[in-house]
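**Q** Quick one: sequence and predicted model below, then my questions.
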Amino acid sequence: MDPRPLFLMTDPSCFEVSYQINPWMQPTAWRPEDLVTAQRASSQLRAALQSAGARIETVGAVRGLPDLVFPANAAVVLDGKVLLARFRHPERQGEEAIFRSVFARLKARGLVDEIIDLPDGTLQEGAGDAIWDADRGQFWVGFGPRSSRSSVAAIRRAFGREVVALELASDRFYHLDTCFCPLAGGAVLYYPDAFTADAQAVIRERLPRAQRIEASAEEAQAFCVNAVNLDAEVIMARAPASLKAKLQADGYRLTEIDLDPFILSGGAAYCMTLRLDRTSQPHHAILAAE
Ligand code: ARG
């Protein structure tokens, strides 16, 4: 088996901001030349992942489905199981059938094993709202603006792993991945104000002070919490100096990419990718098996 991390990304040729389903999206601000910048940004993200050691599978672009460029929302994937997403907004529901056939093809090639559906009536927007924490062997699951509360139990049932539910409090940070990012080694970068008081208490209870890296409003609004982490490498949108200092002090290396056209849609590095090879086995068990 290829030991490199495996990500899904989408060809951005049909990307645009043509509707508004979150407060960042301003269709009137979108100019056709933004597509050129978006394509460049997407290639840079791809190159950064590859130089961090990853391989990438690519989903073809589909006209009329601009947000297909955010495959983090397509499914929750762990141990070869794929729990397909169900989107809240009609604007994105057309992506469900596309991603279903993408995963069927990945299954035929042996890259994933099993495709599972959510219970009727449950909304769940994929890894954007269900983030695997490899150090703790658990999911952190966001609900409220997009995914329904019932998705917490559905994810627990589908994967048989511990799930910690966090209610999101703001329409600007509408997916968990916009405000919460577990990092290798056990630290978590997060933006406290995006969470309800109860969820903030759960985070403080679960994470000792030394493992909590709090993002400021400025850092969260720059979409820097929406980062991809591979070991010490953290790939994100252009970061304020304050955040660089915090992460470097903790031993992380930063790769910044100008993702402005995607931020205009309310997304950045993490949501432009979907990790396909995560397993619930602890790292040391994997090393021992090699
Ligand atoms: N325009 C997209 C939406 O509102 C952006 C999705 C970003 N994805 C994410 N996982 N944060 O659905």
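**A** Yep, it's here.

**Q** CA only for contacts and neighbour counts going forward, please
**A** Fine.

**Q** mind listing what whichever residue of the stretch 101-250 of the chain sits closest to the ligand touches?
**A** Closest approach of the stretch 101-250 of the chain to the ligand (C-alpha to the nearest ligand atom) occurs at G128, with a separation of 3.8 Å. For G128, the set of contacting residues under the criterion of C-alpha atoms under 8 Å, 6 or more residues apart in numbering consists of A72, N73, H175, L176, D177, T178, C271.

**Q** Now cross-check those residues against the ligand and list the overlap.
**A** Among the contacts of G128, the residues lying close to the ligand (C-alpha under 6 Å from any ligand atom) are A72, N73, H175, D177, T178, C271.

**Q** Just the closest of those to L49, please.
**A** Proximity to L49 was ranked across the ones next to the ligand among the contacts of G128 by C-alpha to C-alpha; first place goes to C271, at 13.5 Å.

**Q** Look up the closest residue to that closest one, ignoring the ones flanking it.
**A** Closest residue in space to C271, ignoring its immediate chain neighbours: A72 at 4.6 Å, by C-alpha to C-alpha, 6 or more residues apart in numbering.

**Q** Contact partners for the one you found?
**A** Counting by C-alpha under 8 Å, 6+ apart, A72 has contacts G126, A127, G128, Y270, C271, M272, T273, L274, R275.

**Q** Can you flag which of those residues belong to strands?
**A** Secondary structure from DSSP state E places L274, R275 of the contacts of A72 in strands.

**Q** Take the contacts of G128 and lay them out in CSV including pLDDT.
**A** Conversion of the contacts of G128 to CSV gives the following (pLDDT from 0 to 100):
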residue, pLDDT
A72, 98
N73, 98
H175, 98
L176, 98
D177, 98
T178, 98
C271, 98
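
**Q** In a markdown table, list these along with secondary structure.
**A** Rendered in a markdown table, the data for the contacts of G128 read as follows (DSSP: H, G, I helix; E, B strand; the rest coil):
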| residue | secondary structure |
| --- | --- |
| A72 | helix |
| N73 | helix |
| H175 | coil |
| L176 | helix |
| D177 | helix |
| T178 | helix |
| C271 | helix |
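
**Q** any chance of these in TSV, with distance to D231 too?
**A** Written out in TSV, the entries for the contacts of G128 read as follows (distance: C-alpha to C-alpha, whole Å):
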residue	distance to D231
A72	19
N73	23
H175	23
L176	21
D177	18
T178	20
C271	18
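
**Q** and this protein, which of its residues are near the ligand?
**A** Among all residues of the chain, those adjacent to the ligand (criterion: C-alpha under 6 Å from any ligand atom) are 21-22, 67, 70, 72-73, 128, 175, 177-178, 265-267, 271.

**Q** Among those residues, pick out the one closest to T58, please.
**A** For those, the nearest to T58 is F70 (11.8 Å; C-alpha to C-alpha).

**Q** Against D193, how distant is that closest one?
**A** In this view, F70 and D193 are 24 Å apart by C-alpha to C-alpha, to the nearest Å.

**Q** So for the spatially closest residue to H89 that is not a sequence neighbour, what's the pLDDT?
**A** Spatially, and ignoring its direct neighbours in sequence, H89 is nearest to I21 (7.3 Å; C-alpha to C-alpha, 6+ apart). Per-residue confidence for I21 comes out at a pLDDT of 98.

**Q** pretty sure I21 is in a strand, no?
**A** No - if the criterion is three-state DSSP, then I21 is coil and not within a strand.

**Q** surely A48 meets T255?
**A** Yes - taking C-alpha atoms under 8 Å as the definition, A48 is a contact partner of T255 at 7.4 Å.

**Q** who touches both of those two?
**A** Jointly contacting A48 and T255 under the rule C-alpha under 8 Å, 6+ apart are I235.

**Q** which of the contacts of A72 tops the neighbour count?
**A** With neighbours set by other C-alpha atoms under 10 Å, the maximum within these is found at G128, which has 31 neighbours.

**Q** quick one: low-confidence parts of this structure?
**A** Applying pLDDT under 70 to the chain flags the ranges 283-290.

**Q** Helices along that one, start to end?
**A** Listed in chain order, the helices found in the chain under DSSP state H are 34-51, 90-108, 151-159, 197-206, 217-221, 241-249, 260-263, 283-289.

**Q** picking that back up, and F70 and D193? Which one has more around it.
**A** Each of F70 and D193 has its neighbours counted (other C-alpha under 10 Å); F70 has more, 24 against 18.

**Q** Contacts only, for F7.
**A** With contacts defined as C-alpha under 8 Å, 6+ apart, the neighbours of F7 are A54, R55, I56, E57, T273, L274, R275, L276, D277.
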